[in-house]
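Q: turn this into a model:
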Amino acid sequence: MALTATIYKANLQISDLDRNYYESHNLTLAKHPSETSERMMVRLAAFLFNASENLQICKGLSDDDEAALWEKELTGEIRLWIEVGLPDEKRIRKACSRAEKVMVYCYGGRTADIWWQHNQHALARYDKLSVINLPGEETRALTGIEARTIHLQCTLQDGQAWLTAEAQELQLTPVTWKQATSKNN
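A: Alright, predicted model coming up:
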């Protein structure tokens, strides 16, 4: 018998002071059977940092042709492709060939550091690519707010995120390892 995804609902109130973006979003996240809670919550964090009217959470793990998240134009062209985790260079190359802008949100503490040391030289050639690391202790703390229905308030300022869910408060401080250099970014 095949395992099915677990469905989560997220009600988000986003105040992004850096981009002057103030919106509410009601999302449905499908947690793949092989996906960890930490990865699912990092997908949600990536949404918070890039929220827009057209940003979508995709199938990700269950479909190699889709990103973890993406933003498409009405024409179907991919404006933003977001990967979560430690993708291989082949997947990043594919994303860079299909999208205007590509972002990778790494997590995993020391494992992410090793991945970056191993890949940074090869990834330097991708002008459309930004690589952001979320510190391990912060992403592990995110799993503490996981619930089948999440009510989350998020304030973003100076590149940091302050999250409030129920009575819990968290802070996310992403570290940019690589900034896109193309004119579209």
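Q: dump the residue contacts of the residue nearest the centre of the chain.
A: The centroid of the chain falls nearest to residue 46 when counting by CA atoms, centre = their mean (2.6 Å). Shown here is residue 46, whose contacts under the criterion CB atoms under 8 Å, 6 or more residues apart in numbering are 68, 69, 82, 84, 103, 105. Bear in mind the C-beta positions are built from the backbone N, C-alpha and C, glycine included.
Q: mind running it again at 7 Å?
A: 68, 69, 82, 84, 105 (CB atoms under 7 Å, 6 or more residues apart in numbering).
Q: which SS state does it fall under?
A: Residue 46 carries the three-state label helix when classified by DSSP: H, G, I helix; E, B strand; the rest coil.
Q: state the distance from the residue nearest to it when sequence neighbours are not counted to residue 132.
A: Spatial nearest neighbour of residue 46, chain neighbours left out: residue 105 (4.6 Å); criterion: CB to CB, 6 or more residues apart in numbering. In this view, residue 105 and residue 132 are 5 Å apart by CB to CB, to the nearest Å.
Q: quick one, which of these two is more surrounded?
A: Neighbour comparison, residue 105 and residue 132: the larger count goes to residue 105, with 24 against 20 (by other CB atoms under 10 Å).
Q: doesn't that one belong to a strand?
A: Yes: in this structure, residue 105 lies within a strand as judged by three-state DSSP.
Q: okay, residue 2: pLDDT?
A: If you check residue 2, the pLDDT there is 56.
Q: same thing with residue 74?
A: Residue-level confidence at residue 74 comes out at 88, pLDDT.
Q: give me the neighbour count for it.
A: Using other CB under 10 Å, residue 74 has 6 neighbouring residues.
Q: what's the helix or strand for it?
A: Assigning secondary structure by DSSP states H and E places residue 74 outside every helix and strand.
Q: phi, psi for it please.
A: In this entry, residue 74 is assigned phi and psi values of phi -60, psi -20 (degrees, to the nearest 10).
Q: for PyMOL, what selects the buried ones among the contacts of residue 46?
A: Only the buried entries of the contacts of residue 46 go into this PyMOL selection, using 16 or more other CB atoms under 10 Å:
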select buried, resi 68+69+82+84+105
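Q: spatially, which two of the contacts of residue 46 are the most separated?
A: Across these, the longest distance by CB to CB is 9.2 Å; it joins 69 and 105.
Q: overlap in contacts, the two.
A: Common contacts of residue 69 and residue 105 (CB under 7 Å, 6+ apart): 46, 82.
Q: still on that earlier bit, pLDDT value on the residue nearest to the centre of the chain, please?
A: Per-residue confidence (pLDDT) for residue 46: 97.
Q: again with residue 90
A: In this prediction, residue 90 has a pLDDT value of 94.
Q: no further questions, thank you.
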